[in-house]
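Trainee: Whatever this is, show me its structure:
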Amino acid sequence: MLTLDAEQTAARTWFESLRDRICAAFESIEREAGSEAAFAYTPWDRVDPSGTPGGGGVRGVMKGRVFEKVGVNVSTVGGTFEGEFGKTIHGAGSDPRFFATGISLVAHMANPHVPAVHMNTRFLVTTKRWFGGGADLNPPLPYAEDTEDFHATLKTACDAHDAAYYPRFRQWADEYFFIPHRGVHRGVGGIFYDHLEGDFEANFAFTRAVGEAFLDAFPRIVRRRMATPFTDADVAAMRAWRGRYAEFNLVYDRGTLFGLKTGGNIDAILMSLPPLATWE
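Mentor: Numbers count the residues shown, from 1 in each chain. Sure, this is the predicted structure:
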């Protein structure tokens, strides 16, 4: 069993409470659509290569009428980085021990007019302690109104903490959520930040604000589009777009790599992959 200090406990508790509120909000949308879909939760335990228990998490997945597949995971793990991977992690070059807690969410929608979305926030401890994460919107069929709404909500959250955050973190998202071998962005952006260290209380407050902004913006966008009629051509476009999304997550995504390299739950790590996609 992991022994957590006060900061680690506070972060884990927040991520778990945010998960509960997000899942409740998504289930409420399903009820509005006449669906009884609900999240199924699967706990998992992490054991490092030496056989030492190292925390674990809970994988939540729902497949419904509005959310074709949505995963909301919370994990709290610790242990020792194996091999050279630790040298790539902030603060772990001289000491391979680590702790990480966070929430990770990916939603793939049944209606091509409703954007897919990703949100992840996390707290990591090596020889340094920092927060990272962000949220980005991934519409197969973009609407300017949705893009502007999502960005405006994130900007408000950022501006309440530091006026420099939004332009900096928006640019970081544009650079990060890019598929080099395709030469395209995987969506319409959002914010991405990492290695936010120093003042724990201030950085934790900002990370909570990012979670609140997501919970404010995304359900509103879903409700705006979920009853929009769509065609077979719209579905085909969505599935081709999902192929690009899968390529990014399998080739470039840091969270996927971190999970695979630290003995995470495979189903939880790969829950970001879409249920149906095409490559033509």
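Trainee: burial of residue 279, as a residue count?
Mentor: 10 (other CB atoms under 10 Å). Glycine gets a C-beta too; all of them are placed from N, C-alpha and C.
Trainee: That one contacts residue 244, doesn't it?
Mentor: No: counting by CB atoms under 8 Å, residue 279 stays clear of residue 244, with 9.2 Å between them.
Trainee: ok so residue 11 is a helix residue?
Mentor: Yes: Residue 11 sits within a helix when classified using DSSP: H, G, I helix; E, B strand; the rest coil.
Trainee: Pretty sure it sits against residue 101.
Mentor: Yes: judged on CB under 8 Å, residue 11 makes contact with residue 101 at a distance of 5.2 Å.
Trainee: any shared contact partners between those two?
Mentor: Residues touching both residue 11 and residue 101 (CB atoms under 8 Å, 6 or more residues apart in numbering): residue 123.
Trainee: Let me see the contact set for residue 34.
Mentor: residue 65.
Trainee: element containing it, please.
Mentor: Remark: residue 34 resides in no helix or strand, with elements defined by DSSP states H and E.
Trainee: what does the model give it for pLDDT?
Mentor: On pLDDT, residue 34 comes in at 98.
Trainee: Please tell me how far it sits from residue 74.
Mentor: Between residue 34 and residue 74 the distance is 29 Å, computed by CB to CB, to the nearest Å.
Trainee: And the closest residue to residue 280 other than its chain neighbours, how close does it get to residue 160?
Mentor: Using CB to CB, 6 or more residues apart in numbering and skipping the chain neighbours, the partner closest in space to residue 280 is residue 240 (6.3 Å). According to CB to CB, residue 240 and residue 160 sit 38 Å apart.
Trainee: What average pLDDT does stretch 198-215 get?
Mentor: If you average the pLDDT values across stretch 198-215, you get 98.
Trainee: what kind of secondary structure is the residue nearest to residue 190 when sequence neighbours are not counted in?
Mentor: Spatial nearest neighbour of residue 190, chain neighbours left out: residue 136 (3.5 Å); criterion: CB to CB, 6+ apart. Classification of residue 136 by three-state DSSP places it in strand.
Trainee: Hmm, residue 136 is touching residue 192, no?
Mentor: Yes: if you go by CB under 8 Å, residue 136 and residue 192 touch, sitting 7.2 Å apart.
Trainee: Comparing these two, which residue is more hemmed in?
Mentor: Neighbour count, other CB under 10 Å: between residue 136 and residue 192, residue 136 has more, with 25 against 22.
Trainee: which residues touch that one?
Mentor: Residue 136 is in contact with 117, 118, 173, 177, 186, 187, 188, 189, 190, 191, 192, counting by CB under 8 Å, 6+ apart.
Trainee: now do residue 2
Mentor: 53, 54, 55, 76, 77, 78, 99.
Trainee: hmm, try it at 10 Å
Mentor: Counting by CB atoms under 10 Å, 6 or more residues apart in numbering, residue 2 touches 8, 12, 46, 53-56, 76-79, 99, 101.
Trainee: Now list the buried members of these.
Mentor: Neighbour counting with 16 or more other CB atoms under 10 Å marks 8, 12, 46, 54, 55, 56, 76, 77, 78, 79, 99, 101 as buried within the contacts of residue 2.
Trainee: can you tell me how far the first one sits from residue 15?
Mentor: Here the distance between residue 8 and residue 15 works out to 11 Å (CB to CB).
Trainee: list the residues that contact both of the two?
Mentor: With CB under 10 Å, 6+ apart, residue 8 and residue 15 have common neighbours 76, 101, 123.
Trainee: List the residues that are in contact with both of residue 136 and residue 192.
Mentor: In contact with both residue 136 and residue 192: 120, 170, 173, 174, 176, 177, using CB under 10 Å, 6+ apart.
Trainee: So which of these belong to helices?
Mentor: Counting by DSSP state H, the part of the shared contacts of residue 136 and residue 192 found in helices is 170, 173, 174, 176.
Trainee: Show the contacting residues for the third one.
Mentor: So that's residue 174. 136, 185, 188, 189, 190, 191, 192.
Trainee: Any figure for the gap between the fifth one and residue 161?
Mentor: When you say that, I think you mean residue 190. Distance from residue 190 to residue 161, by CB to CB: 16 Å.
Trainee: Tell me which of the two has more neighbours.
Mentor: Applying other CB under 10 Å to residue 190 and residue 161 shows that residue 190 carries more neighbours, namely 27 against 16.
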